[in-house]
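**Student:** return atomic coordinates for the entry below.
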Amino acid sequence: MEHQPELFRQLPIKLAASVVETLPYFDAYVLLQSRSSSDRTAILNGMKPLERIRLLDESSGASWQAMMDSLERIGPVDAVPIVPAIAPAVEAIIEACQMEKSFRTPEGGTVQVIARTDLRLEPGLIIAMLGPSGLFFVCFRA
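**Tutor:** Okay, the predicted model is just below:
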């Protein structure tokens, strides 16, 4: 739609960040380019860190570089925190401590399929376990 950039320019930064998080890369990029450099930086800073990473990962080299160049003039985009914020304690639905699983082979040996690990499944979490080869092993959803 030809009026989208005009409407997007009128959105408050916080709302614009929420909108960009939901759009496919190309649409988000076009709309971001309709805003000033300082607005683009503020919008990217207002996005959820994982959504910001997704947007930047999906961009091509040239478009990513153009966006970064325009942001660098006014300062860097806030870094994604390496350590997540501490969430309030939630009661686990399933909790297993030091679980491990191995099987005996016909020759009498042992094959370990799950190394000793702790598992805590909380409401709203999805946990997948992968084997050493990278193959999907099991998935839990609370």
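
**Student:** pLDDT weak spots in this structure?
**Tutor:** Applying pLDDT under 70 to the chain flags residues 1-2, 60-65, 67-88, 129-142.

**Student:** hmm, 50 instead?
**Tutor:** The model of the chain has pLDDT under 50 over residues 72, 74-75, 82-83.

**Student:** and this protein, what are its domain boundaries?
**Tutor:** 4-72, 94-141 (automatic domain parsing).

**Student:** can you lay out those domains as a markdown table showing mean neighbour count?
**Tutor:** All C-beta spots, glycine's among them, are computed from the backbone N, C-alpha and C. A markdown table is the format used below for the domains of the chain (neighbours: other Cβ atoms under 10 Å):
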| stretch | mean neighbour count |
| --- | --- |
| domain 4-72 | 15 |
| domain 94-141 | 10 |
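
**Student:** which parts of the chain are helices?
**Tutor:** Taking DSSP state H as the criterion, the chain contains helices spanning 4-10, 13-22, 25-33, 37-46, 49-58, 61-72.

**Student:** those helices: which one's closest to Arg116?
**Tutor:** Proximity to Arg116 (Cβ to Cβ) singles out helix 49-58 among the helices of the chain, at 29.6 Å.

**Student:** next, the angle from that closest one to helix 25-33.
**Tutor:** 100 degrees (axes from the mean of the first three to the mean of the last three Cα atoms, to 10 degrees).

**Student:** i'd like the first residue to be 110 from this point on
**Tutor:** Sure thing, new numbering starts at 110, so read that last one as helix 158-167.
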